[in-house]
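Student: output the structure for:
(2 chains)
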Amino acid sequence: MRITVNGEQRETQAATLEQLCAALGYGEQRIATAVNGEFVPADERPKTRLHDNDRIEIVAPRQGG
Amino acid sequence: MNMIDTKDALELYGTRLTSRLLLGTALYPSPEMLRAAFEASAAQIVTVSLRRESSSERAGEQFWRFIESLEGVRVLPNTAGCRTVKEAVTTAQMAREMFGTPWVKLEVIANDDTLQPDVIGLVEAARILTEEGFQVFPYTTEDLSVGERLIEAGCDVLMPWGSPIGSGQGLNNIFGLRMLRAYFPDVPLIVDAGIGAPSHAAHAMELGYDAVLLNTAIAKAGDPEQMAAAFARAIEAGRLGYKAGIMPPREMASPSTPVAGTPFFEPDDD
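Tutor: Coordinates of the predicted model:
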């Protein structure tokens, strides 16, 4: 299926957000996620199923003012 | 160097602080410079953000390890760059999970050129987040009615801008800032944004503001470490001045040396 991750279009076979994060190499990294603008807590990633055209945001800590 | 009496601690959402400087972590030439500036500033709160992470670069992890290595720091995540209530709320939710704190510096930006707050969206986002248990630090204007709405929405702290973010113009509306202070004597007020020089920060403190949040003025200084020390002292000086009671200005001169007994003074000369 076709999804958008951090603004970039991708093809994925991942069925869930957890699988997507693993497939993209995020592994044990400290990240937070949102699907279609809605926050998805870490413990809900395994049961969050992905659909065609989903927009996924994967973020991490960064410098800020 | 820390002259502030611990009895004069600042309380923000139940957390007591002796430093009245909140430090941004962006725009430093290097992490070493940021560390040196942080130590010189004696800040106890640093602001951080969330950005899209590439799985290969792992910049987030490195930055987080760096922040954790700063002694005695408390993190204030921001929602910088958010333009809608929805974006700001989702970003705050992600930040709470990421940083493990209910604190959030809430920014809902209205305009690219001025980076001024969208005060209508800000109030709405503040209400939603407060209901979800967040402790909101709203980046707002000095507008009194907006301040009232934010407090009604559950904010215990207000953070009015001095002038546009990164502009270094200082306090553009002294009248408005003074009025806000007078109107909310018991609400912690922090000037956030626009501070360029230590004197601007001292002025904010002399007006009775409780603290100052700044970033660019230190990060972009020729010597960030020295500038951080300068700001720390300016903020302490302004606070002490405010507590000591600043004289009201006068229209006309008034001799500071006693007039009585002036030599060579003969009342009958003319």
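Student: distance of residue B:232 relative to residue B:212?
Tutor: Relative to residue B:212, residue B:232 is positioned 10 Å away (C-beta to C-beta, to the nearest Å). (Each C-beta comes from the backbone N, C-alpha and C, glycine too.)
Student: so for the two, which sits in the more crowded spot?
Tutor: Taking other C-beta atoms under 10 Å in any protein chain shown, residue B:232 and residue B:212 do not tie; residue B:212 has more neighbours (29 against 25).
Student: what helix or strand is the closest residue to that one other than its chain neighbours located in?
Tutor: Distances taken as C-beta to C-beta, 6 or more residues apart in numbering or on different chains put residue B:201 closest to residue B:212, at 4.7 Å, once the chain neighbours are dropped. Following DSSP states H and E, the helix or strand that holds residue B:201 is helix B:198-206.
Student: ok, now residue B:213?
Tutor: strand B:211-214.
Student: what packs against the helix holding residue B:201?
Tutor: Counting contacts by 3 or more C-beta pairs under 8 Å, 6 or more residues apart in numbering or on different chains; DSSP states H and E, helix B:198-206 is packed against strand B:211-214, helix B:224-244.
Student: how about it: buried residues?
Tutor: Using 16 or more other C-beta atoms under 10 Å in any protein chain shown as the test for burial, helix B:198-206 gives B:198, B:200, B:201, B:202, B:203, B:204, B:205, B:206.
Student: any low-confidence regions in chain A?
Tutor: Within chain A, the set of residues satisfying pLDDT under 70 is empty.
Student: relative to residue B:87, how far out is residue B:124?
Tutor: The spacing between residue B:124 and residue B:87, counted by C-beta to C-beta, is 12 Å.
Student: closest residue of chain A to chain B?
Tutor: Residue nearest to chain B within chain A: residue A:60 (2.3 Å; C-beta to the nearest C-beta).
Student: hang on, that residue in a strand?
Tutor: Yes: in this structure, residue A:60 lies within a strand as judged by DSSP: H, G, I helix; E, B strand; the rest coil.
Student: quickly note the distance from it to residue B:30.
Tutor: Per C-beta to C-beta, residue A:60 is found 20 Å from residue B:30.
Student: which one's more surrounded, those two?
Tutor: Neighbours were counted for residue A:60 and for residue B:30 using other C-beta under 10 Å; residue A:60 has more, 25 against 9.
Student: isn't the more buried one right up against residue A:31?
Tutor: Yes: with contact defined as C-beta atoms under 8 Å, residue A:60 reaches residue A:31; the gap is 5.4 Å.
Student: contacting residues around the residue of the stretch 101-250 of chain B found nearest chain A?
Tutor: In the stretch 101-250 of chain B, the residue that lies nearest chain A is residue B:215 (3.6 Å; C-beta to the nearest C-beta). Residue B:215 makes contacts with A:65, B:23, B:24, B:25, B:26, B:27, B:47, as judged by C-beta atoms under 8 Å, 6 or more residues apart in numbering or on different chains.
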